[in-house]
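Engineer: Below is the sequence, then the predicted model.
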Amino acid sequence: MQRKAYVVGLAGLLAAMAALTGCTGSDDGDEPTDSKQGGSGTTAPPAEPGRYRTLPEPCDAVERGTLDALLPGLKQVTDREQREKAYAGAPTLTYDTDRKVGCRWSAESTSATDRLWVDFERVTSYENAVSDDSRASQLYATKEEGADLPVPVPSSPSATSTETPTEDESGASDESGEGAGGGADDGDAGSATPTDDPSATSGGTPSPSLTPADLQPRTLDDLGDEAFLDDALSASRQRTVTVVFRTSNVMVTIRYDEQPTSTTDVPSSEDMQDRVRELADQLDGALNE
């Protein structure tokens, strides 16, 4: 009887060990599956890096002929050494030239003092799920929102062409003459932007190819991936034209000021915008080479 009880007890022990071994084996078999499932959430491919890993030399980024157009006073500097120094520009103070660089120029002429700033910023995202381009686009959006661009104003011809006056209304319009139409145009121009001030002050006639909507601060569709232009005239008649654009993960900011010597002169918005746009196109083209 004792031997039989021993055998039964031994058989029970072996069965318990087999069951324990089976459970352990099951856990070992499931572990790779759990590991793969857990790894699937952490091994997602990181977002693609931005196109640019370096920045251009800012003081060499603007061609000499472009500087002449933006800063007419450069040619009027008589001292050769001072003139070359003015053309060379002054680097913007920065503590990380891999991330942000800039340069500024200034020149006085007989008619005005002009200043130019050009800044490059390379944006890097530190989040695996956010690409450098996406982060740069977020920062650009912040700059555009900060500029507080006005709602685009349609030109007067398109605004009035949808209405067809009756015969009586036509007669009333004819009796009022061009004064009534001129008053409507002046109202549109005044509400859009101060960019028509040069014509109003100097007595010149605005270009028929440009309307207030063409000159007001606005987004730009043909520059970089995203771009906007701002135009402001101060109480002292200093005009500042700013263009900000993004190409991949690099943002470029151009600021151009002109302060007339005469207290009655007003810088031309059209001329200054044309000069800045030309420079912006050059810088964008150089980045894409």
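Structural biologist: Here it is on my side, so go on. Residues are numbered from 1 along each chain as shown.
Engineer: Does Gln238 touch Glu258 like I think?
Structural biologist: Yes: counting by CB atoms under 8 Å, Glu258 is a contact partner of Gln238 at 6.9 Å. From N, CA and C alone the C-beta is placed, and that goes for glycine too.
Engineer: Overlap of the contact sets of the two?
Structural biologist: Shared contacts of Gln238 and Glu258, defined by CB atoms under 8 Å, 6 or more residues apart in numbering, are found at Pro267.
Engineer: So between the two, which is more surrounded?
Structural biologist: A direct count of neighbours by other CB atoms under 10 Å for Gln238 and Glu258 places Glu258 higher, at 26 against 17.
Engineer: OK, contacts around the more buried one?
Structural biologist: Residues in contact with Glu258 (CB under 8 Å, 6+ apart) are Ala112, Thr113, Asp114, Arg115, Gln238, Arg239, Pro267, Met272.
Engineer: Kindly state the pLDDT recorded for the fifth one?
Structural biologist: What the model reports as pLDDT for Gln238 is 96.
Engineer: List phi and psi for it.
Structural biologist: phi -90, psi 130 (degrees, to the nearest 10).
Engineer: from now on call the first residue 85
Structural biologist: Noted, 85 is the first residue going forward, which turns the last one into Gln322.
Engineer: what's near enough to touch it?
Structural biologist: Taking CB under 8 Å, 6+ apart as the test, what Gln322 contacts is Asp341, Glu342, Gln343, Pro344, Pro351.
Engineer: Need the phi and psi values for the residue nearest to Thr303 when sequence neighbours are not counted.
Structural biologist: Using CB to CB, 6 or more residues apart in numbering and skipping the chain neighbours, the partner closest in space to Thr303 is Phe312 (4.7 Å). Note on Phe312: backbone dihedrals following degrees, to the nearest 10 are phi -150, psi 160.
Engineer: separation between Phe312 and Glu342?
Structural biologist: Using CB to CB, to the nearest Å, one obtains 20 Å as the distance from Phe312 to Glu342.
Engineer: Asp358 too?
Structural biologist: 13 Å.
Engineer: Now flag whichever of the contacts of Glu342 is closest to Glu205.
Structural biologist: Arg199 (19.8 Å; CB to CB).
Engineer: Could you list the paired strands of the helix or strand hosting the closest one along with their orientation?
Structural biologist: Per DSSP states H and E: Arg199 is located in strand 196-206. Here strand 196-206 is paired, per DSSP bridges, with strand 184-192 (antiparallel), strand 334-344 (antiparallel).
Engineer: With distance to Glu205 and mean pLDDT added, can I get the ones you listed in JSON lines?
Structural biologist: Formatted as JSON lines, these follow (distance: least, CB to CB, whole Å; pLDDT from 0 to 100):
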{"stretch": "strand 184-192", "distance to Glu205": "5", "mean pLDDT": "97"}
{"stretch": "strand 334-344", "distance to Glu205": "5", "mean pLDDT": "97"}
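Engineer: I'd like to know which of these is closest to Asp144.
Structural biologist: When the strands paired with strand 196-206 are compared (using CB to CB), the closest one is strand 184-192, at 8.4 Å.
Engineer: which residues are in contact with the closest one?
Structural biologist: In contact with strand 184-192 (CB under 8 Å, 6+ apart) are residues 139-143, 145-146, 151, 154-158, 160-161, 170-171, 173-176, 178, 197-206.
Engineer: Produce a PyMOL select command limited to the buried residues of those.
Structural biologist: Selection command for PyMOL covering only the buried members of those, criterion 16 or more other CB atoms under 10 Å:
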select buried, resi 139+140+142+143+145+146+151+154+155+156+157+158+161+170+171+173+176+197+198+199+200+201+202+203+204+205+206
